[in-house]
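In: Give the three-dimensional model of this entry:
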Amino acid sequence: MLQLNSKLAISMREIRFVYGTSTGPGGQHVNKVATKATLLFDVLHSDSLTPFQRNRILTKLSTRINKHGLLRVSSSKHRSQRANKEAATDRFVELLRDAIKPIQKRKKSRVPRASKKKRLQNKKKRGETKRLRGKVQPHD
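Out: Numbering: from 1, shown residues only. Alright, predicted model coming up:
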């Protein structure tokens, strides 16, 4: 079981891993050994998720979910399959925690009176400076 928070735990039976060869440098090792781990999670048919959580995940992680409802998380930064599997699992947990986290409402705040006063004083000072730049009236 992957415990995401106090209200949500996902069974390891709902998660599937697919392995493949990694890209990048590494010579023969990278071409021969399937170390890249891809975690697949069916968001649409998961028994662990409530409808609210499912909708939240589908909207927040829409770029990572395909048309069949599969969430895909890959890792190929390590040289071993086990380390990549753990890295993909950690990233998966992190993504789901962020997706189901409630959005905090912004508290409205007022502009302080001192700030308003300072802004108006600066405007008056700037206006006075510009007024004084005008043409000089000749003395009679």
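
In: So residue 78 sits against residue 85, correct?
Out: No: the criterion here is Cβ atoms under 8 Å, and residue 78 misses it with residue 85 at 9.2 Å. In this view, the C-beta of every residue, glycine as well, is placed from N, C-alpha and C.

In: More neighbours: which of those two?
Out: Taking neighbours as other Cβ atoms under 10 Å, residue 78 and residue 85 compare with residue 85 leading, 19 against 16.

In: can you tell me which residues contact that one?
Out: Residues in contact with residue 85 (Cβ atoms under 8 Å, 6 or more residues apart in numbering) are 17, 37, 39, 75.

In: and the second one, that's in a strand?
Out: Yes: with DSSP: H, G, I helix; E, B strand; the rest coil as the criterion, residue 37 is part of a strand.

In: Apart from its chain neighbours, what residue comes closest to it?
Out: residue 84 (3.9 Å; Cβ to Cβ, 6 or more residues apart in numbering).

In: so which helix or strand takes in the one you found?
Out: In the assignment (DSSP states H and E), residue 84 maps to helix 81-100.
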